[in-house]
Structures are given as structure tokens and as C-alpha cells.
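In: Here is my input; please provide its structure:
(chains A, B and C)
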Amino acid sequence: MPWSGIKNPYRIWISEIILQQTRVKQGWDYYLRFIERFPDICSLASANEDEVLKYWEGLGYYSRARNLLKAAKQIEELHGGKFPNTYADIISLPGIGPYTAAAISSFAFGLSYPVLDGNVLRVISRYTSNDGDILSQSTKKEMLKYLQEVFKKVEDPAVFNQAIMNFGAMQCVPSSPECGECIMCKNCKAYEEGIVNMLPVKIKKIKKKKRYFSYFDLEDEAGNRLIFRRDKQDIWQGLYEFLMVESKVLKTLSDAEITKTFDESQIKIKGKITLTKVHEYKHQLTHQTIIAKVYALKCKKIKESGDEMLIANSLSGYAFPRLLDLYLQENKVNYD
DNA sequence: AAAACGTGGAT
DNA sequence: TATCCAAGTTT
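Out: Here you go, the predicted structure:
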């Protein structure tokens, strides 16, 4: 990994945030680019949120990027720009929870805090044959208690944390681990009981809802486009999109309905709106399925409009959800 | 305390 | 195709 062996708390912080619910392969390039553009706390703290989000574009869980910026500012104000070196100060930063606080505390400062992530949860549940639901608070508490006991004998918390996570990622894998070759099998209770494949227990009930988005990508003859920043408490907060109407059911809008939508949004346009093409996308998220139609529209000129919207000639500085990023790439929109 | 938050790759 | 999973946190 690009960050292995690094002691720089800032870099460890960035890498740990990127790795939250994200595979190394997926986050690798993001880490390199992020570090290059924002090499230290100071450069991040003075950045603009749109740019930070642009560097996060496509990675998902965008609150991570927004919190990164907030935290950098907090470090500037409360800690004089120097990364805090106590667990209490670290966990008080936005975007940093128990796992990340323990990771930074041990990796950067050698403090004795056990990490408890998905890997560790799996390893401990098998090793101790604990069939509690690892998503429940009580099971996590139980396992953390177990680890804290173990940590009394741990000399190098950083090495131990790194080791147990790697062990989970490489040996004690979720499905069909090779227990016969495992160095821990002699003391593994789940192995002894023959229930390795039953563990860990995860009880989750996610109900997926379907949402239907109609996007209107209006471009004028000068190549200007109309975009909006998503600021509501919803998916993709802080990212940009075209004028959008959400509906309960899938529908195809007529030219008249499209024109009406622009009229109602009090957008001033010179010339008639003409439809070039309708693109369809299905986008799968954890808790919802987005079914989107993107109407590619042209007009003579987009005039100044309300302050919630933006008329942009180049879209390269704005972060878009993957769905729209795909659309922009497919249509070779001025996007650099 | 449960539900929401993204995306891509594996099963 | 559907579901699960990945170095979790916030509300």
C-alpha cells in the first residue's frame, strides 16, 4: 500500500478515511491524488468544499470528504494545525469514529487502542466462537472487551492492529477460508466446533426503495449548461446535478412537459427547447435503486436565473454522482 | 438504536 | 440478476 510504514498522522488519517467501507484497490488512486493536491492539514483546511468533493468524485460516501474538510479546519483552530495526539482529541474530529480513532492512535502515535473493524469482528467471532450478531452494539462491546484484555499483553499496538486486520483480510476471509493451513487453527474455537462457515453472524434487514429521477441536461449554443448543487439531507449531498424531477413511478415526459418544468423552475431561456436524446440508467445503491432518464436538451441561450442554480461552461470543477459522470463521459461533455 | 450513506467487485 | 461484502460514521 502507498501508505504502509508511514508515520505521518495526516496521511494515516486520509488513508483510513478512504478505506472506510472501501477496498484498497478502489481507494488507491484516490489516496495518491488526494495527497498530492492536499499534502498537509493546512492545504486541506484552506480548500474549498467543491474541490475536495471533486477529488472524492466516484468514491462514494461523500460525507467522508465533507467531514475531512471540517476536521482539517477544526485541527487548525483547536490544535494549531498540528494533528492531535490523544485518542479523545482524535475521536472528537468529524468523520472519525471508534475504528479510525484507534487506527490513527496506534499507527501514528503508538497508543494502545485495539481496532475493531469488519475483519477483526470476523476473526474474533470465529476464534472465540461467538455467534452474537456482529452488527449489534452489544456484540461489538463484548468483542472490544475481549480485545482490551488481549491488549494488556500487546507490546506493539500498531503491529498487532495491522496484523489482525491483515489476518482477517488474507487468511480468515469471509467465505471458505482455508482453515487447514491456518496458523491459528489449533486455538480457534469455531474450527474446533466445525462452525467456521456459520460465523460471523450478521443480521441485517435493508429495505431497498426505488426512486425515479428525470434529469434535464440543457445546453445552449455557447456550450453552457445548467447545474444545481444537492444540498438537502439526501444521497449525494454537496454533489452537482442537472435540473431534476423525482417521481413515484417511471415516466417519459413529453416536450410540452419538459418545457413546463423549466417554466415552473423560473429558468429564463432564449429560443425553444429541443430534445436530442433520452438516456436511461439504473444505478444501484445500498438502500435504493435509482432509475434515471437523462433528457439531452438544446436551446439558443440560457439566461441568468435564480441563485440556486449555476450556469457553467465547463463542468470539470464540479463533482457529479457516478450516474451522471457516466452520462457526461458517454457524451463527451466538456469535462476534461 | 436502527437506518442511511456509494460504489465496484466477488459469489 | 440478486445479494453480499469492503480498514465505518452519523443521525
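
In: where's the residue nearest the centre of chain A relative to residue A:50, distance?
Out: By CA atoms, centre = their mean, chain A has its centre lying nearest to residue A:61, at 2.4 Å. Going from residue A:61 to residue A:50 by CB to CB, to the nearest Å gives 17 Å. No exception for glycine: its C-beta is placed from N, CA and C like everyone else's.

In: Can you get me a residue count around the closest residue to residue A:65 other than its chain neighbours?
Out: Leaving out its chain neighbours, the residue that sits closest to residue A:65 by CB to CB, 6 or more residues apart in numbering is residue A:56, at 3.7 Å. By other CB atoms under 10 Å, the residues close to residue A:56 number 24.

In: go on, residue A:324?
Out: For residue A:324, using other CB under 10 Å, the count is 27.

In: give the contact list for it.
Out: Shown in contact with residue A:324 (CB atoms under 8 Å, 6 or more residues apart in numbering): A:215, A:240-242, A:294.

In: isn't there a strand covering it?
Out: No. Using DSSP: H, G, I helix; E, B strand; the rest coil, the assignment for residue A:324 is helix, not a strand.

In: Please report the distance of it from residue A:290.
Out: 11 Å.

In: residue contacts, the residue nearest to residue A:169 when sequence neighbours are not counted?
Out: Computed as CB to CB, 6+ apart, the closest residue to residue A:169 that is not its neighbour in sequence is residue A:119, at 5.5 Å. Residue A:119 makes contact with A:164-165, A:167-169, A:172 under the criterion CB under 8 Å, 6+ apart.

In: In three-state terms, label residue A:119 for me.
Out: Relying on three-state DSSP, one would call residue A:119 helix.

In: Kindly report the same for residue A:108.
Out: Assignment for residue A:108 (three-state DSSP): helix.

In: How many neighbouring residues does the spatially closest residue to it that is not a sequence neighbour have?
Out: Leaving out its chain neighbours, the residue that sits closest to residue A:108 by CB to CB, 6+ apart is residue A:9, at 3.8 Å. Residue A:9 is flanked by 20 other residues according to other CB under 10 Å.

In: now the one 5 residues further on
Out: Residue A:14: 20 surrounding residues under other CB under 10 Å.

In: Tell me the confidence at it?
Out: Looking at residue A:14, its pLDDT stands at 97.

In: Quick check, it in contact with residue A:33.
Out: No. Counting by CB atoms under 8 Å, residue A:14 stays clear of residue A:33, with 10.9 Å between them.

In: sorry, back to before: can you tell me the helix or strand for the residue lying closest to the residue nearest to the centre of chain A once chain neighbours are set aside?
Out: Once flanking residues are discounted, residue A:61 sits nearest to residue A:21: 6.4 Å by CB to CB, 6+ apart. In this assignment (DSSP states H and E), residue A:21 forms part of neither any helix nor any strand.

In: do the same with the one 10 residues further on
Out: Following DSSP H and E, one finds residue A:31 within helix A:24-37.

In: Same list, the contacts of residue A:119, but as a markdown table with pLDDT and neighbour count please.
Out: Shown next, in a markdown table, are these (pLDDT from 0 to 100; neighbours: other CB atoms under 10 Å):
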| residue | pLDDT | neighbour count |
| --- | --- | --- |
| A:164 | 93 | 23 |
| A:165 | 92 | 18 |
| A:167 | 93 | 19 |
| A:168 | 92 | 21 |
| A:169 | 90 | 17 |
| A:172 | 93 | 26 |
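
In: Among these, which one sits closest to residue A:109?
Out: residue A:165 (17.7 Å; CB to CB).

In: The helix or strand of chain A with the lowest mean pLDDT packs against which elements?
Out: In chain A, the helix or strand scored least confidently by mean pLDDT, DSSP states H and E is strand A:309-312, which has a mean of 88. Counting contacts by 3 or more CB pairs under 8 Å, 6 or more residues apart in numbering; DSSP states H and E, strand A:309-312 is packed against strand A:225-229.
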